[in-house]
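In: pasting a predicted model and its sequence here:
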Amino acid sequence: MSNRFVYASVALLVLIIIGMLVGSFRLIIYPYLVLVGILLFIGLAKKIKVNKKIIWIPTLVTFLFLLLQGWLDLATLRSPIGGENLIFGFTISTAIYYLGIWTLCASFSLIYVWTFSQPQVEQSSINTNSLDL
């Protein structure tokens with residue numbers, strides 16, 4: 001893990017604290033979602049070094065959360081419930097949260113667990129210069 005991730009995490013935490021002090025939920029939620037992606041990347045760093053194909057997990061998680069949170073933000077810009085329309089019997093804001101954000105949280109948690117439950121492939125090395133006694 002390089003210092004860049006630590007500096008980025010500290011900068012995002014400072015933005016979150018500023019958002020708390022000024023009462024702006026946007027300054028709290030958006031840096032938080034990016035911070036989740038960085039922490040997922042740090043958590044998967046060893047796995048990503050072995051298998052570069054799983055870089056999609058932290059990237060996709062961050063992108064989808066930002067996309068859904070942006071949609072929720074735009075839907076509730078004029079009205080806290082998102083208007084008069086219903087999606088599966090939910091108001092728009094509730095539907096985005098429960099059917100989108102909450103579902104992604106649950107499914108990506110399972111993907112994260114699945115990633116760490118895979119057996120690790122260790123490279124075998126034969127040391128021919130030593131004697132085993």
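Out: The structure has been received and is ready for your questions. Numbers count the residues shown, from 1 in each chain.

In: every contact and neighbour count from this point should use C-alpha atoms.
Out: Will do.

In: what is the burial count for residue 27?
Out: Residue 27 has 19 neighbours, counted by other CA atoms under 10 Å.

In: meant to ask about residue 113, not that
Out: A count of nearby residues for residue 113, using other CA under 10 Å, gives 11.

In: now residue 84
Out: Residue 84 has 8 nearby residues by other CA under 10 Å.

In: so how far is residue 95 from it?
Out: Here residue 84 is placed at a distance of 13 Å from residue 95 (CA to CA, to the nearest Å).

In: could you do residue 70 as well?
Out: 14 Å.

In: ok, those two, which is more surrounded?
Out: residue 95 (19 against 14).

In: just the CA atoms of the helix or strand hosting that one, as CSV, please.
Out: Element membership for residue 95 (DSSP states H and E) is helix 92-95. This file holds the C-alpha atoms of helix 92-95, laid out as CSV (Å, rounded to 0.1, in the frame of the first residue of the first chain):
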residue,chain,number,x,y,z
ILE,A,92,-38.8,7.1,-6.0
SER,A,93,-36.4,7.9,-3.3
THR,A,94,-37.2,4.8,-1.3
ALA,A,95,-37.1,2.6,-4.4
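
In: for the record, mean pLDDT for it?
Out: In this model, helix 92-95 has an average pLDDT of 82.

In: show the subsequent helix or strand relative to that helix.
Out: Following helix 92-95 in sequence, per DSSP H and E, is helix 103-117.
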